[in-house]
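>>> 3D model of this:
(chains A, B, C and D)
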There are 2 protein chains.
Amino acid sequence: MPDETEHWEDRLEQYLHEKGLRMTRQRQVIAREFFAITGHPNIDELCARVRRADPSIGQATVYRTLKLFVDSGLANQSRFGDGPARYESADVDHHDHLICVDCGRIVEFRNDTIEKLQEKIAASHGFEMTDHEMVIYGHCDAPACVARRASRGRD
Amino acid sequence: MPDETEHWEDRLEQYLHEKGLRMTRQRQVIAREFFAITGHPNIDELCARVRRADPSIGQATVYRTLKLFVDSGLANQSRFGDGPARYESADVDHHDHLICVDCGRIVEFRNDTIEKLQEKIAASHGFEMTDHEMVIYGHCDAPACVARRASRGRD
DNA sequence: ATGGCTGCAAACCGTTTGCAACTAT
DNA sequence: ATAGTTGCAAACGGTTTGCAGCCAT
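The predicted structure is shown next:
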């Protein structure tokens, strides 16, 4: 189990060293921008941010670097519905997602009862659980969403 | 709530009629093939089967027809990991999926405690749940998978 | 100097769409 | 007759990849 208290700088450096890979200016910039974001950026959003810091960085490099982060365990990839892949730092505890089908707001939650049940369910079917995804879709209580729903209901 | 005891023939016909749409030879063939499958076919697999029955049916029609089934509530779409969309008949009770990361085997399960917890979690965050997806990934106990894992563990 | 890394553009793959011909109503 | 439907092929959007040059080691 990785030491979650280490900073991503050290963890990334260590991973690169282990694998004989190299720390580059691009990887530094992408990592700095990525780990500064609290949220679930997709590649386009990340690309925009990265390019504000260094416009010369190509989209392909951002794709390749995020894949590197996922492989190294520094980031997690999620897919919500049909949309593009979204990423988040893995330096926090595991959690699942709640998504508003109206405004796209993403809320994180964690429920230990469900986590434990998942293990149990997997085991009862002869599976050794390695991972899981859980996304709940619904209408959130943001004023704009409630209003939109009310006016649609009237039609 | 739709009457689950009606056959898909009637439900489809009713939906088409409601929406002013038409029953065509292609839709009949695709529906017959789709509802005869127990499993989670993707478009390619379905297409292959449909074309065995009628080689003149185009892939686009299969895509459009499955979308129709989903819109009508006759089918559910799922996405597992990165792969293509998979479909299954909605004429059975809701369930979630357990997928073997080694062989791709898909096992269905249902757990009412989790279902109820999901509602509660959504509500506690001010969401009105409309849907949810839950996929557990793991290593299954099929002999081939156990063997593969054992030999990989030795490396 | 070596071999990993980069940006670019082209390829890829699942899916959607424009179109002219066709067909269920 | 009307308007929905079809097959085809082209377009699409997100992602990956081949390549020639670049740069960290």
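>>> Going by neighbour count, list what's buried in the longest strand along chain A.
Determined from DSSP state E, the single longest strand within chain A is strand A:128-139. By 16 or more other C-beta atoms under 10 Å in any protein chain shown, the buried positions in strand A:128-139 come out as A:128, A:129, A:132, A:133, A:134, A:135, A:136, A:137, A:138, A:139. Any C-beta I mention is one placed from the backbone N, CA and C, and that applies to glycine too.
>>> Which one of those is nearest to DNA strand D?
Closest approach between the buried residues of strand A:128-139 and DNA strand D, by C-beta to the nearest atom of the strand: residue A:133, at 14.8 Å.
>>> Quick check: that closest one touching residue B:133?
Yes. Shown here, residue A:133 and residue B:133 form a contact pair, counting by C-beta atoms under 8 Å, at 7.1 Å.
>>> my read: residue A:77 touches residue A:87, true?
Yes. Using C-beta under 8 Å, residue A:77 makes contact with residue A:87 at a distance of 5.7 Å.
>>> related to what we said a few turns ago, contacting chain B as well, which ones from the buried residues of strand A:128-139?
Among these, the ones lying near chain B by C-beta under 8 Å from any C-beta of the partner chain are A:128, A:129, A:132, A:133, A:134, A:135, A:136, A:137, A:138, A:139.
>>> that older thread, of residue A:77 and residue A:87, who's got more company?
residue A:87 (23 against 15; other C-beta atoms under 10 Å in any protein chain shown).
>>> Against residue A:93, how distant is the nearest residue to the more buried one once chain neighbours are set aside?
Leaving out its chain neighbours, the residue that sits closest to residue A:87 by C-beta to C-beta, 6 or more residues apart in numbering or on different chains is residue A:75, at 5.1 Å. According to C-beta to C-beta, to the nearest Å, residue A:75 stands 15 Å off from residue A:93.
>>> and what of residue A:146?
For residue A:146 relative to residue A:93 (C-beta to C-beta), the value is 31 Å.
>>> How many neighbouring residues does the nearest residue to residue A:93 once chain neighbours are set aside have?
Leaving aside its chain neighbours, residue A:93 sits nearest to residue A:110 (6.4 Å; criterion: C-beta to C-beta, 6+ apart). For residue A:110, the neighbour count with other C-beta under 10 Å is 12.
>>> Kindly report the same for residue A:23.
Residue A:23 is flanked by 13 other residues according to other C-beta under 10 Å.
>>> Can you list the buried residues in the helix or strand of chain A with the lowest mean pLDDT?
In chain A, no helix or strand scores lower on mean pLDDT, DSSP states H and E than helix A:143-154, which sits at a mean of 79. Residues residue A:145 are the ones in helix A:143-154 that count as buried (16+ other C-beta under 10 Å).
>>> Report the inter-axis angle for it versus strand A:128-139.
Helix A:143-154 and strand A:128-139 meet at an angle of 70 degrees, taking axes from the mean of the first three to the mean of the last three C-alpha atoms, to 10 degrees as the criterion.
>>> So what's the gap between helix A:143-154 and the chain middle?
How far helix A:143-154 lies from its chain's middle: 29 Å, per C-alpha atoms, centre = their mean, to the nearest Å.
>>> And residue A:40, how far from residue A:7?
Relative to residue A:7, residue A:40 is positioned 21 Å away (C-beta to C-beta).
>>> try residue A:48
Note on residue A:48: its distance to residue A:7, by C-beta to C-beta, is 25 Å.
>>> Can you report how many residues neighbour the residue of chain A found nearest DNA strand C?
DNA strand C sits closest to residue A:61 of chain A, with a gap of 2.7 Å, by C-beta to the nearest atom of the strand. For residue A:61, the tally of surrounding residues (other C-beta under 10 Å) stands at 17.
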